[in-house]
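Trainee: Below are the sequence and a predicted model for it; my questions follow.
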Amino acid sequence: MSQSFSTGSPWGFARAPHTDRGRITFRSLVHANDPLILIELRTTGDESGAELSFRPQQGISPRIAWAERTVEPSNLPPPPTYWKPGVEVFHLERYSTHDLGGGIRLPFVHELGNLTWALHNCWRQYRYSMDDDMLRDRFFPLLRGSINLFLHMLEEGPDGKLHLPPTHSPEFNDPAMVPDANYALGLLRWGLWTLLQTTSLLRIDDELQPRWESTLERLTDFPQDEHGLMIGHGQPLDKGHRHFSHLISIFPLHLLRPDDPRDRPLIERSFQHWLDLGAGTPNFNGYSYTAASSIHSSLGHGDAALEMLSAALKMFSPTTMYVESAPVIETPLSAAESIHDMLLQSHNGILRVLPAVPRAWPDVAFHDLLAEGAFLVSATRREGRTRMVRIRSLAGGICRLKTDLPRPLHPLGPPALSIREEDDGIVELDLRKGEEIVLFSDPDVPELEIQPVAPLRSDDRFNPFGVK
């Protein structure tokens, strides 16, 4: 079935060439049919710079129209003081009109960090696949160019720390620009850390590594007040805000960690203040609730995660489509992630199985959900108790697993498999590619075939999508 849509808020992707006043081409997708399209960012290696490549999935033939505008050097304003020639930068910006008539300017940094956030999804794709070729050839060059733009904008303050000039925190419009926006700072901190991780993984000796390390050490802290994370320096969250942009270090970047006692109070304070001002009011939209659900899950609040997800689903049509001013596909997709976050989380090197199951779900089963590290995970829970966890490695490597399976654990797998239990309840498994292990607590081997659980109700509120 074909769905037609148009977007009133397209995105433009630009490359600043090696000259400081070169031509810049902006492109944006403005209309498409059949929206199941893969968006691929790639560099071209010549003066055309970087471009967005769209290709259909599963044989779908989308019709795509582009708006394109080229800005000549003579039409550009003078470069800002932090703009330095000779270094390649990349940036993804949002525009207000379908023909790119607004927003084209240097520095094109209304929302600093958009490309870096898009690349966070690419990093997750790498972590789920462990595809070193993608990491080296496609991800690393773009992230390096994205962070270069941040580096050119940083200025040393009287405190000796590095600070960002005023930029926009997405969808917080009064004021429109704030210095040290938590949105941009979080993405910069994540990008620097990820560049260092990538060079280590790929054994790359990059000339900018010392700069990345020193910037991480000297970067200013996240602005905060008694209510937690602020929009930016001097600007508290003082009204309902549907976007979680200022909380990006909590979710989805997970720079602030609920299992770290130094971070958890700040997470809880910031999150609750955002909820107090927005939840249950017109200030919250569908994706506000799905993000709230995922944050609750990261804190282990299963019941609250389900409550937020249910609030989002009330805004959906029976087909799971969601509309604000136009169809918004990001919200149904984020709702799917919210469900996954209740069942399986994998970030910061730890795979958490059934971390936030609500009491309303005493029986749970899932089969072959993919986790970071390229691990396929299955699990069953009966009468509120986890019975079995199965891990299969697609790439080989160390799996650090957190589960509420009662101890002692009984493993079923390769006899030579290394298993180590840590003091904090984490189980470390050293799995080769293709190896599989089943962990359980009962004396007898559990049922290994994953079976669907019975529905909680069968009245007209239950929608089986055609399955009887």
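Mentor: Nice, I can see it.

Trainee: Which stretches in this protein count as helices?
Mentor: In the chain, the segments counted as helices under DSSP state H are 114-129, 132-134, 140-153, 182-202, 209-218, 264-278, 286-298, 302-313, 330-343.

Trainee: can you map out the strands along the stretch 351-468 of the chain?
Mentor: Along the stretch 351-468 of the chain, counting by DSSP state E, counting those that start in this stretch, strands occupy 364-371, 375-382, 385-393, 397-402, 410-412, 418-421, 426-431, 436-440.

Trainee: Nearest to R189, out of these?
Mentor: Proximity to R189, assessed across the strands of the stretch 351-468 of the chain by CB to CB, is greatest for strand 397-402 (22.7 Å). C-beta here means a position set from N, CA and C on the backbone, and glycine is covered the same way.

Trainee: From the contact counts, what lies against the closest one?
Mentor: strand 350-353, strand 385-393, strand 426-431 (3 or more CB pairs under 8 Å, 6 or more residues apart in numbering; DSSP states H and E).

Trainee: Tell me which of the ones you listed sits nearest to D132.
Mentor: Of all the helices and strands packed on strand 397-402, strand 385-393 comes closest under CB to CB, at 15.9 Å.

Trainee: what's the angle between the closest one and strand 375-382?
Mentor: Relative orientation of strand 385-393 versus strand 375-382 (axes from the mean of the first three to the mean of the last three CA atoms, to 10 degrees): 170 degrees.

Trainee: buried sites along strand 385-393?
Mentor: Using 16 or more other CB atoms under 10 Å as the test for burial, strand 385-393 gives 386-393.

Trainee: quick one: low-confidence parts of the chain?
Mentor: Counting by pLDDT under 70, the ranges of the chain that qualify are 1-89, 91-109, 456-468.

Trainee: which residues does V438 contact?
Mentor: 388-390, 411-413, 445-446, 448 (CB atoms under 8 Å, 6 or more residues apart in numbering).

Trainee: For it, give its distance to V377.
Mentor: From V438 across to V377, the span is 11 Å (CB to CB, to the nearest Å).

Trainee: ok, the buried residues of strand 385-393 vs N114, which is closest?
Mentor: Nearest to N114 out of the buried residues of strand 385-393 is S393 (CB to CB; 34.1 Å).

Trainee: The closest one touches K433, doesn't it?
Mentor: Yes. At 5.9 Å, S393 counts as touching K433 under the criterion of CB atoms under 8 Å.

Trainee: Overlap in contacts, these two.
Mentor: Counting by CB under 8 Å, 6+ apart, nothing touches both S393 and K433.

Trainee: So T281 sits against H241, correct?
Mentor: No. Contact criterion CB under 8 Å: T281 and H241 do not qualify, at 10.7 Å.

Trainee: Comparing these two, which shows the higher neighbour count?
Mentor: Legend: neighbour count by other CB atoms under 10 Å for T281 and H241, higher for H241 (22 against 11).

Trainee: residues in contact with the more buried one?
Mentor: So H241 contacts 171-172, 274, 277-278, 283 (CB under 8 Å, 6+ apart).

Trainee: residues touching the residue nearest to S378 when sequence neighbours are not counted, list them.
Mentor: Computed as CB to CB, 6 or more residues apart in numbering, the closest residue to S378 that is not its neighbour in sequence is R390, at 4.3 Å. By CB under 8 Å, 6+ apart, the residues touching R390 are 377-379, 436-439, 448.

Trainee: Name whatever forms a beta bridge with R390.
Mentor: S378, V438 (DSSP bridges).

Trainee: could the helices and strands packed on strand 397-402 go into TSV alongside distance to H246?
Mentor: Shown next, in TSV, are those (distance: least, CB to CB, whole Å):
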stretch	distance to H246
strand 350-353	25
strand 385-393	35
strand 426-431	31
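
Trainee: and the buried residues of strand 385-393 as JSON lines, adding distance to P318?
Mentor: Output for the buried residues of strand 385-393, formatted as JSON lines (distance: CB to CB, whole Å):
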{"residue": "T386", "distance to P318": "33"}
{"residue": "R387", "distance to P318": "33"}
{"residue": "M388", "distance to P318": "34"}
{"residue": "V389", "distance to P318": "34"}
{"residue": "R390", "distance to P318": "34"}
{"residue": "I391", "distance to P318": "36"}
{"residue": "R392", "distance to P318": "35"}
{"residue": "S393", "distance to P318": "39"}
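
Trainee: Which of those residues sits closest to D131?
Mentor: For the buried residues of strand 385-393, the residue nearest D131 by CB to CB is S393; the value is 14.7 Å.

Trainee: Need the residue closest to the centroid of this structure.
Mentor: The chain has P252 as the residue nearest its centroid, 4.3 Å off, counting by CA atoms, centre = their mean.

Trainee: Now that one. Nearest residue, chain neighbours left out?
Mentor: H120 (6.9 Å).

Trainee: Pull the contacting residues for the nearest residue to N348 once chain neighbours are set aside.
Mentor: Counting by CB to CB, 6+ apart, N348 lies nearest to H254, which is 5.7 Å off, once chain neighbours are set aside. Contact partners of H254, counting by CB under 8 Å, 6+ apart, are 298, 347-348.

Trainee: And the residues you listed, which of them are buried?
Mentor: Applying 16+ other CB under 10 Å to those flags 298, 347 as buried.

Trainee: Can you lay out the contacts of H254 as CSV showing distance to F222?
Mentor: Below are the contacts of H254 laid out as CSV (distance: CB to CB, whole Å):
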residue, distance to F222
S298, 17
H347, 18
N348, 17
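
Trainee: Just give me the closest of the contacts of H254 to A176.
Mentor: Nearest to A176 among those: S298, at 29.9 Å, using CB to CB.

Trainee: How much space separates that closest one from P252?
Mentor: Distance of S298 to P252, given as CB to CB: 9 Å.

Trainee: follow-up on the earlier one: which one of the strands of the stretch 351-468 of the chain lies nearest to F222?
Mentor: With CB to CB as the measure, strand 397-402 is the member of the strands of the stretch 351-468 of the chain nearest F222 (26.0 Å).

Trainee: Mind listing residues that contact the closest one?
Mentor: With CB under 8 Å, 6+ apart as the test, strand 397-402 has contacts from 130, 349-353, 355, 373-375, 389, 391, 393, 425-431, 439.
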